[in-house]
Each structure stands twice: as C-alpha cells, then as structure tokens.
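> need a structure here:
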Amino acid sequence: MLRDDIIEYSLDAHHSEEEGIKLRKKIWFVFWILLVVTVVEVSLGLMFSRVPAMQTFLFITFITLTVVKAYYIVMSYMHLGDEAKAFRLTVLGPFIFFILYLIFIALVEATYLFRIDKMFPF
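The predicted structure follows:
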C-alpha cells in the first residue's frame, strides 16, 4: 500500500555526485589529520614519557594537540563549521567558559592543598 502522507525528505537534499565526492574528500581529510595528530601524541608519549626534563614540554604539547583534535571533531563531525559564526560562538562560548572555570578552580584548589599545613601547624 502506497502512503501519500509520508514526507519524502530525500527529495529536498539536492545532493549530486559532485557534492558527495567533495563531502567524502572532506571527511577523509579530517580523518587523516586526526590520525596524524593521534600518532604524534602516542609517539611523543612513548618516546619522552620517562624523561623528566621533557614533562612540561609533553604537557603543553598534549594540551595543544588535544585542542586541535577537538576543533576538527567539533567543526567537521558535529557540523559546526557550516554554521553561522554567531551560532558557533553561542554553542562554544559556554564550553570555553566552563573549561576556563575548571582550570581556575583546579589551580586555586591545588594552591590551597599545598598550603594547608602552614595554616594549621598543630
């Protein structure tokens, strides 16, 4: 039985084979970037994790590479790269604020933790 009350959404897609090729190319490009960044992270971790002089360098590098990966995931796979700038800022703004808040709390609490023995000397 053929129903006429079902909306056919695929008719509004307007995707041609050329558009599909461009989209697949973009997805593979992001995949390869994420793969390379992950391989670099793992390689650096395996090579320099036991070298005490490299700890600060590794922390900064891992944080930077994680932010790069998060950017590509959010902008590509979550489709925020195709949205208007105002909408992107509306979505990403609270997350950035929350991350900065967590960093602030972690630093303040860590400072308090290491000074607690001076506050209560008994």
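
> how far away is the residue lying closest to Glu83 once chain neighbours are set aside from Leu107?
Leaving out its chain neighbours, the residue that sits closest to Glu83 by C-beta to C-beta, 6 or more residues apart in numbering is Val91, at 7.9 Å. Where you see a C-beta, it was placed from the backbone N, CA and C, and this is true even at glycine. According to C-beta to C-beta, to the nearest Å, Val91 and Leu107 sit 26 Å apart.

> returning to that earlier point: give the helix, strand or coil label for the residue nearest to Glu83.
State at Val91, reduced to three classes by DSSP: H, G, I helix; E, B strand; the rest coil: helix.

> For it, give me the pLDDT.
We have a pLDDT of 88 for Val91.

> those helices in this structure, which residues are they?
Along the chain, counting by DSSP state H, helices occupy 17-48, 55-72, 85-119.

> Next, the angle helix 55-72 makes with the first one.
Spelled out, that is helix 17-48. 170 degrees (axes from the mean of the first three to the mean of the last three C-alpha atoms, to 10 degrees).

> average pLDDT across helix 17-48?
For helix 17-48, mean pLDDT rounds to 91.

> centroid residue for this protein?
Ala70 (1.2 Å; C-alpha atoms, centre = their mean).

> who's in contact with stretch 24-43?
Contacts with stretch 24-43, where a contact means C-beta atoms under 8 Å, 6 or more residues apart in numbering, come from Thr61, Phe62, Leu65, Thr66, Val68, Lys69, Tyr72, Ile73, Ser76, Tyr77.

> how about the residues you listed in TSV, adding distance to Met54, pLDDT and neighbour count?
Below are the contacts of stretch 24-43 laid out as TSV (distance: C-beta to C-beta, whole Å; pLDDT from 0 to 100; neighbours: other C-beta atoms under 10 Å):
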residue	distance to Met54	pLDDT	neighbour count
Thr61	9	94	16
Phe62	11	93	14
Leu65	15	94	16
Thr66	17	92	12
Val68	20	90	14
Lys69	21	93	15
Tyr72	26	89	17
Ile73	27	90	13
Ser76	31	88	18
Tyr77	32	84	13
